[in-house]
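1. would you be able to build a 3D model of this:
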Amino acid sequence: MFFHQDATFEQLSIHRVGNKSQDEFYVLSDNSIDLSQDEVLPDLLMQYFMKPFAKANEVYRFYHPNEDLQLNEIYYFVKQCFDHKISFHDMSQQVAKHLYEVCEHPRIKGGELYVVSLNNVKMEGEERQAIGLFKSENKEAYLKVYLEGGGFGLDYEQEAININKLDKGVVIVNCEEEEGYKVLVVDQTNQSDAVYWKDDFLKVKTRNDNFQQTGNLMKVYKNFVAEKLDDVFELETADKIDLLNRSMDYFKTKETFDQEEFNEEVLGNPQAVSLFKEYQQNFEEEFDSPFQANFEIAGSAVKKMASSYKSVVKLDKNFHIYIHGKRDFVETGYDEERGMNFYKLYFENES
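-> Next up is the predicted model:
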């Protein structure tokens, strides 16, 4: 878990980075900003920068396709700064230049880049130094109301920043340097062509720990049930929900994951087990994220995935049937006389 409540700013540098493909430019500031004499601004900036990371469970690492971390630009610049080989502000300027070079898609918006040095962030129980990179792309109009004479005056700010809406951010925690640091990422942009932040600018991939193992396996199994099983088995919606419920029960009640045990207790069919193994292997190859046969189940990952597990059958616009277990107590059929499908439910008590 990541906590920033006791964190403090050491330094802050701001630059503006335009879109290279649109012939925009970057503007580098000459010096860092001194926040030591301001009692309000540091708290507002801390809220703006760090609040979105309160629920960031996924931990990333820097990487490079050539497997040489020194070729990852952000890793290299940040490491130089952590090792006191270049100044913080010089590092921030190099980061801004690199961001400009990757902003080549025409839909990438220009904006301000904030580079922050942080003390006393807490990452997985340990206090560490960190460097934060944050980009604001979207501006909003704000009204300002103030006392004037015997009434009120009204003014506005046309292109102001909403401190409750960080567009993009990354926090690089100074630990596990040789493995690519511990990196937390926020990207509020949903456009598929704007993945440059993670892929081109940062070049990060998820750390393959228990949280990732648990979340990835649950995600892969959910997609497997929804997409793959229909190719071989004729499954009704209730059958798919039952398979998902059984897997959710497994992850909620077990402390450790065991592949053979999971295959037997949840899938229970040799052909389905074989299909799932193939489906897992395809995921491993595509995302370079191998699954372990045994690992400790991360409860936070189970909780995160629970909301995406479907447990409801929607019938036209009239009925919703929630199935949480007891698949044997649910029957489906077709009424020839009415020409309609039906569900039959068996129960003991009505509440």
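2. now Thr214: closest residue in space, sequence neighbours ignored.
-> What sits nearest to Thr214 in space, not counting adjacent residues and going by C-beta to C-beta, 6 or more residues apart in numbering, is Ala301, at 3.9 Å. All C-beta atoms are positioned from the backbone trio N, CA, C, and that covers glycine.
3. surely that neighbour touches Glu58?
-> No - Ala301 lies out of contact with Glu58 (C-beta atoms under 8 Å); the separation is 9.3 Å.
4. name the element the residue nearest to Thr214 belongs to?
-> For Ala301, the host element (DSSP states H and E) is helix 299-306.
5. can I get that helix in CSV, CA atoms only?
-> The C-alpha trace of helix 299-306 is given here as CSV (Å, rounded to 0.1, in the frame of the first residue of the first chain):
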residue,chain,number,x,y,z
GLY,A,299,-7.4,-10.0,-0.7
SER,A,300,-7.2,-6.4,-2.0
ALA,A,301,-7.0,-7.8,-5.6
VAL,A,302,-10.0,-10.1,-5.0
LYS,A,303,-12.0,-7.1,-3.6
LYS,A,304,-11.0,-5.1,-6.7
MET,A,305,-12.1,-7.8,-9.1
ALA,A,306,-15.3,-8.7,-7.3
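6. tell me what it is packed against?
-> helix 210-223, helix 237-253 (3 or more C-beta pairs under 8 Å, 6 or more residues apart in numbering; DSSP states H and E).
7. partners of Ser117 in the sheet?
-> For Ser117, the beta-bridge partners under DSSP bridges are Gln11, Ile131.
8. number of nearby residues for it?
-> Neighbour count for Ser117, taken as other C-beta atoms under 10 Å: 21.
9. any idea how far Thr8 is from it?
-> Look at Ser117 and Thr8: by C-beta to C-beta, to the nearest Å, they are 10 Å apart.
10. one step back: and Gln281, which of the helices and strands packed on helix 299-306 is closest to it?
-> helix 210-223 (10.3 Å; C-beta to C-beta).
11. and for the closest one, what's in contact with it?
-> Under the contact criterion C-beta atoms under 8 Å, 6 or more residues apart in numbering, helix 210-223 has outside partners 57-59, 206, 244, 247, 251, 257, 276, 279-280, 283, 289, 291-292, 295-298, 300-302, 304-305, 308-309.
12. show the buried residues in those residues.
-> Neighbour-count burial (16 or more other C-beta atoms under 10 Å) is assigned, among the contacts of helix 210-223, to 58-59, 206, 244, 247, 251, 257, 276, 279-280, 283, 289, 291, 295, 297-298, 301-302, 304-305, 309.
13. now the residue nearest to Thr214: how far from Glu331?
-> Using C-beta to C-beta, we find Ala301 at a distance of 34 Å from Glu331.
14. so after the helix or strand hosting Tyr334, what's the next helix or strand?
-> Using DSSP H and E, Tyr334 falls within strand 330-335. Next helix or strand after strand 330-335 toward the C-terminus (DSSP H and E): strand 340-345.
15. list the buried ones in that following strand?
-> By neighbour count on 16+ other C-beta under 10 Å, the buried set for strand 340-345 is Tyr343.
16. now swap in stretch 98-111 and tell me
-> By 16+ other C-beta under 10 Å, the buried positions in stretch 98-111 come out as His98, Leu99, Tyr100, Val102, Cys103, His105, Ile108, Lys109, Gly110, Gly111.
17. would you turn these into JSON lines with pLDDT, secondary structure and distance to Glu348?
-> Formatted as JSON lines, the buried residues of stretch 98-111 follow (pLDDT from 0 to 100; DSSP: H, G, I helix; E, B strand; the rest coil; distance: C-beta to C-beta, whole Å):
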{"residue": "His98", "pLDDT": "97", "secondary structure": "helix", "distance to Glu348": "65"}
{"residue": "Leu99", "pLDDT": "97", "secondary structure": "helix", "distance to Glu348": "63"}
{"residue": "Tyr100", "pLDDT": "96", "secondary structure": "helix", "distance to Glu348": "67"}
{"residue": "Val102", "pLDDT": "93", "secondary structure": "helix", "distance to Glu348": "62"}
{"residue": "Cys103", "pLDDT": "90", "secondary structure": "coil", "distance to Glu348": "63"}
{"residue": "His105", "pLDDT": "86", "secondary structure": "coil", "distance to Glu348": "59"}
{"residue": "Ile108", "pLDDT": "89", "secondary structure": "coil", "distance to Glu348": "59"}
{"residue": "Lys109", "pLDDT": "90", "secondary structure": "coil", "distance to Glu348": "59"}
{"residue": "Gly110", "pLDDT": "92", "secondary structure": "coil", "distance to Glu348": "64"}
{"residue": "Gly111", "pLDDT": "93", "secondary structure": "strand", "distance to Glu348": "60"}
